[in-house]
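Asker: Have a look at this prediction, sequence included:
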Amino acid sequence: MNIYVLLKRTFDTEEKISISNGKIEDEGAEYIINPYDEYAVEEAINLKDAHGGEVTVVTVGDEEAEKQLRTALAMGADKSVLINTEDDLEEGDQYTTVRILEAYFKENEPDIILAGNVAIDEASGQVGPRLAERLDIPFVTTITDISIDGETVNIERDVEGDVEKVETTLPLLVTCQQGLNEPRYPSLPGIMKAKKKPLEEIEIDDLDLEEDDVEAKTKTLEIFLPPEKQAGKIIEGEPDEQVKELVSLLKNESKVL
């Protein structure tokens, strides 16, 4: 089985993020595998263990993403591919990423592609579904369980606190949600093995794409941090007095009434 994982390098939202001139300062930011993509890597390894085959992790970005690809290899993926856009693109968006991945997968034959439900930096959730549409294969989002029997795939997906059961067929693209599995930590032997596993680097020219083919359709005007949270207020007095003051605050100060 040809199993592929879409991986994105994202900044760690648990660490301090600094903004300068409407952009994130890379030098002070910590970067990690997008957490939802870790579920995809783990499930890909589980599928390989159950059905055989090979797990390939693919990312679009620059050479800085090699660290995250090596981490995925240390988790148990077999090989990785970096589609390096550093010299060919100044800016991109979800459309750009999808067009590049479409060109890559037209040269390969995936049985299943796994991706994270969303990326924690932009949280659009567009890349997976849009790629499936371009490849003309079925897709199921926010999955929390998957089993494969031959060409038939049975899936459970999260639908706002409930579960929807879906039956579909391979080839297939799925996006992974929390609850699907518990991603493993890379072991020391896994880290050592990862150093010898293939990490292929290709460029846009290798995919027969021109810059115009992958030109972004959107533009980021500004990036800014949310305002600091203000201290709360304690309303004192009798219950009827508290209610009157609360209503007054909501109406006159917060202006939500």
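Answerer: Looks like it came in fine. Just so we're clear, the structure is a prediction, and the values are computed from it rather than from any experiment. Numbers count the residues shown, from 1 in each chain.

Asker: what about the lengthiest helix in the chain, average pLDDT?
Answerer: Determined from DSSP state H, the single longest helix within the chain is helix 35-51. Per-region confidence: helix 35-51 scores 97 on mean pLDDT.

Asker: Show me what it is packed up against.
Answerer: strand 2-6, strand 54-61, helix 66-75, strand 112-116, strand 139-149, strand 172-176 (3 or more CB pairs under 8 Å, 6 or more residues apart in numbering; DSSP states H and E). Backbone N, C-alpha and C define where each C-beta goes, glycine included.

Asker: Identify whichever of those lies nearest to Pro189.
Answerer: The closest approach between Pro189 and any of the helices and strands packed on helix 35-51, judged by CB to CB, belongs to helix 66-75 at 9.0 Å.

Asker: Domain ranges for this protein, per the record?
Answerer: Using automatic domain parsing, the domains assigned to the chain come out as 2-214, 227-257.

Asker: quick revisit: and the longest helix of the chain, which residues are buried?
Answerer: Using 16 or more other CB atoms under 10 Å as the burial criterion, the residues of helix 35-51 that qualify are 35-48.

Asker: got a list of what the nearest residue to Ala40 once chain neighbours are set aside touches?
Answerer: Closest residue to Ala40 in three dimensions, ignoring its sequence neighbours and counting by CB to CB, 6 or more residues apart in numbering: Leu114, at 3.9 Å. When contacts are counted by CB atoms under 8 Å, 6 or more residues apart in numbering, Leu114 is found next to Ile3, Tyr4, Val5, Leu6, Ala40, Val41, Glu43, Ala44, Leu173, Val174, Thr175, Cys176.

Asker: ok, now Leu47?
Answerer: When contacts are counted by CB under 8 Å, 6+ apart, Leu47 is found next to Met1, Ile3, Gly53, Ile112, Ile146, Ile148.

Asker: what's across from the second one in the sheet?
Answerer: Meaning Ile3. Per DSSP bridges, residues listed as beta-bridge partners of Ile3: Val55, Ile112.

Asker: residue ranges for the strands of the stretch 151-257 of the chain, please.
Answerer: Defined through DSSP state E, counting those that start in this stretch, the strands belonging to the stretch 151-257 of the chain, from first to last, are 152-159, 162-169, 172-176, 199-203.

Asker: just the angle between the last one and strand 54-61, please?
Answerer: Spelled out, that is strand 199-203. Strand 199-203 and strand 54-61 meet at an angle of 40 degrees, taking axes from the mean of the first three to the mean of the last three CA atoms, to 10 degrees as the criterion.

Asker: Brilliant, that's me finished.
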